[in-house]
Structure formats: C-alpha cells, structure tokens
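K.L.:
sequence and computational prediction follow.
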Amino acid sequence: MGNYIAYLNFLDSKLQKFFAAQKPYIFCQKGCANCCKHAQFPYSAVEFRYLLNGAMTLDKETQKKIENNINLTLEKKKKYRGKKFLYDCPFLINNSCSVYNYRGIICRTFGLMTNNENQKIKAPFCAFKGLNYSNVMNLRKKTISVRKFKKLNTTAEPLGFNISYKYLTCEDYERTFNIKFGESKPVIDWFEQQQIP
C-alpha cells in the first residue's frame, strides 16, 4: 500500500493545483453528493483494497450502515435488467463520503473538466445541474461560452485536464510508482463477486 499512497499523494498534489486554478468555476461543497449518486464508480484492485482498509477504521455503526447499503444495492442489481446498472455509492451516508480519505481516483478527480485524446474538453455532468462550470457553459452546445466567460471578469480560463481514469491508471504510473492497479470494475461488482483482492 505504501507505493499506492505515494501515488495518491502525488495525484492529490496535482489535483489541488488544478482545482485552485479553476476556483471561479468550482461549486463543490460538503453535502452536495451529486458525484456520489447514480453512477458506476470504477475501482481498480489496489483502489478497492485501500478503500476496504479505510472502511475497517470506521466505527462499527458506520460499518453496519455501509454493509446495509451494499446489500440493498446488490439486491437492486439482481433485479435490474438494463445494460448499465447505476447506483448510489454504498459509502455515502447522509450525503457525505464515509471514507473520504480512502476514496478512489474517479472520486478525487470528479468536478474538473477533462481532455480526451483528441483534446476535446468534457465538462462534469454536474455542470448540467447548475454546478461546476455551469457559469461558463453553453449547455445546449456543450461548449464554453466566451460571452459568459467575459462576463465573469476573471483571468483564470476554464481548462480541461488530462485526468481521465484510463490515463491515471496507465502503465506509466504503474512503472513510476512501482504499483499494479490490477483489474478495474464498478465498486459494487467487487462486492457482488466477493473477490476481495
């Protein structure tokens, strides 16, 4: 876990700078929890082990709530017949992350705009709920509005960053930090298959 923790320290340091640079466009606040609902939450094997380690440090009552959330989500998944099962994170309790310091990479990066391989910028979905970047987005065109940006009278440009999950768990980072991310799948699938790595 030591090498993975070193990687997280490196990542968090970069993300703090990115979030600070984008401060005029970021409206994240405790209790919002939009990013923790109705999604899939990909976790690699090493992330999942780290998450479980964090969960074990919680008080027994909180652990019981998480266990109940997991069981309820697994029951819903059994009944689901669609292609992509979306759910609320089982670690979300009273609209707050119970394992915040142990959260996964996808959770740490959420809220910023991303660049994909073609340098196309993608806003977080919360922009369409009046949150991050909504003050500069043309929601119909899904692009940055120059008019809205100028109205803000800020020098900090709305930027996208190369923080895709695929990039942040690539072999280059594995080599640099001497870690293996391992298989990646939705966090609930780790529990469903009872394959604790």
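P.N.:
Happy to help now that I have it.

K.L.:
use CA for all of it now, contacts and neighbours both
P.N.:
Will do.

K.L.:
low-confidence stretches in this structure?
P.N.:
Where the chain drops to pLDDT under 70, the residues are 117-119, 194-197.

K.L.:
can you rerun that using 50?
P.N.:
For the chain, the stretches with pLDDT under 50 are 195-197.

K.L.:
can you list the residue ranges for helices in it?
P.N.:
Counting by DSSP state H, the segments of the chain that form helices are 2-21, 45-55, 60-79, 105-109, 146-152, 165-168, 171-177, 187-192.

K.L.:
in CSV: those helices, plus mean neighbour count and distance to P124.
P.N.:
Below are the helices of the chain laid out as CSV (neighbours: other Cα atoms under 10 Å; distance: least, Cα to Cα, whole Å):
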stretch, mean neighbour count, distance to P124
helix 2-21, 14, 13
helix 45-55, 18, 22
helix 60-79, 14, 24
helix 105-109, 19, 10
helix 146-152, 13, 17
helix 165-168, 14, 13
helix 171-177, 13, 24
helix 187-192, 18, 20
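
K.L.:
nearest to A123 among these would be which one?
P.N.:
helix 105-109 (11.9 Å; Cα to Cα).

K.L.:
what's the closest one packed up against?
P.N.:
helix 2-21, strand 42-44, helix 165-168 (3 or more Cα pairs under 8 Å, 6 or more residues apart in numbering; DSSP states H and E).

K.L.:
out of the ones you listed, which is closest to S134?
P.N.:
Once the helices and strands packed on helix 105-109 are compared by Cα to Cα, helix 2-21 is nearest, at 15.3 Å.

K.L.:
quick one: the closest one to helix 45-55, angle?
P.N.:
Helix 2-21 runs at 90 degrees relative to helix 45-55, counting by axes from the mean of the first three to the mean of the last three Cα atoms, to 10 degrees.

K.L.:
can you redo the helices of the chain as TSV with distance to K37?
P.N.:
What follows is the helices of the chain, written out as TSV (distance: least, Cα to Cα, whole Å):
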stretch	distance to K37
helix 2-21	21
helix 45-55	18
helix 60-79	12
helix 105-109	11
helix 146-152	29
helix 165-168	18
helix 171-177	28
helix 187-192	13
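
K.L.:
nearest to L139, of the ones you listed?
P.N.:
Per Cα to Cα, nearest to L139 of the helices of the chain: helix 146-152, 11.5 Å.

K.L.:
show me the contacts for R81.
P.N.:
Listed by Cα atoms under 8 Å, 6 or more residues apart in numbering, the contact set of R81 is empty.

K.L.:
what is the neighbour count of G111?
P.N.:
23 (other Cα atoms under 10 Å).

K.L.:
I should have written A123 there, sorry.
P.N.:
Using other Cα under 10 Å: A123 sits among 24 other residues.

K.L.:
OK, contacts around it?
P.N.:
By Cα under 8 Å, 6+ apart, the contact set of A123 is L112, M113, T114, Y133, K142, G160.

K.L.:
what residues sit buried inside stretch 93-113?
P.N.:
By neighbour count on 16 or more other Cα atoms under 10 Å, the buried set for stretch 93-113 is 93, 97-99, 102-113.
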